[in-house]
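In: Below are the sequence and a predicted model for it; my questions follow.
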Amino acid sequence: MHDGTPSSQTPAADVTERLGYRLKRAAAALRSAMDRALREYGLTVPQYACLELLDQRPGLSNAELARGTFVTRQSMNVVLRGLQDAGLITRPATTDRGRALPAHLTKEGHRRLAAARSAVYAIDQRMTDAVPEQRLAEILADLDHMAAALDG
């Protein structure tokens, strides 16, 4: 916890001891492991995340998917185009309600997601297993508090 004392504001003698650095290092390790695993299924991390969201909530728009996968709308357009070209999702050419084009998984999209999911969940489990079970709930809460503190 930040105690507001001036010493907490001074630069660390070793930047690798800073919380932000460690968090970024863990995130980079997770992303790298997921990149390697998903390559076997012909998916990128944003594509996989998009498929997961569409499996849970069919019909999400580009903007909703961008927010849920932590990418820009422009990047999500590229992700959706790639998924559509691969036959993993469908989107109508036009829609009756505004500009949003709701996306849905195809049969092949469901199949590819199911195949890739076990690899991604195994990575998540390896990461989870590195944390003592009695501390997991506290760490998850701490991560939520950190995100909330920065969400402005």
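Out: That came in fine, so what should we check first?

In: Which of the helices or strands spans the nearest residue to Ile89 once chain neighbours are set aside?
Out: Excluding the flanking residues, the one nearest Ile89 by Cβ to Cβ, 6 or more residues apart in numbering is Leu83, at 4.5 Å. C-beta: built from backbone N, CA, C; applies to glycine. If you go by DSSP states H and E, Leu83 is part of helix 73-85.

In: Looking at the helix or strand where Arg112 lies now, give me its mean pLDDT.
Out: Using DSSP H and E, the element containing Arg112 is helix 107-129. Summarised as a single mean, pLDDT over helix 107-129 is 97.

In: what comes up buried for it?
Out: Within helix 107-129, the residues scored as buried using 16 or more other Cβ atoms under 10 Å are Gly109, Arg112, Leu113, Ala116, Ala119, Val120, Ile123.

In: ranges for the strands of this structure?
Out: 89-90, 104-105 (DSSP state E).

In: most packed of these?
Out: Per residue and on average, the most neighbours among those fall to strand 89-90, with a mean of 19 (mean count of other Cβ atoms under 10 Å).

In: Next up, the contacts around the residue nearest to Leu101 when sequence neighbours are not counted.
Out: Leaving aside its sequence neighbours, Leu101 sits nearest to Arg91 (Cβ to Cβ, 6+ apart; 4.5 Å). By Cβ atoms under 8 Å, 6 or more residues apart in numbering, the contact set of Arg91 is Leu80, Gln84, Leu101, Pro102, Ala103, His104.

In: nearest residue to Val131 other than its sequence neighbours?
Out: Ile139 is the one closest to Val131 (Cβ to Cβ, 6+ apart), at 5.9 Å.

In: So what's the residue count around the one you found?
Out: 12 (other Cβ atoms under 10 Å).

In: which residues touch the closest residue to Met34 other than its chain neighbours?
Out: Nearest non-adjacent residue to Met34, counting by Cβ to Cβ, 6+ apart: Val45, 5.0 Å away. For Val45, the contacting residues are Arg31, Met34, Asp35, Leu38, by Cβ under 8 Å, 6+ apart.

In: Can you pull out the residues in contact with the helix holding Leu83?
Out: Residues contacting helix 73-85 (Cβ under 8 Å, 6+ apart): 44, 46-47, 50-51, 62-63, 65-66, 69, 71, 89-91, 103, 109.
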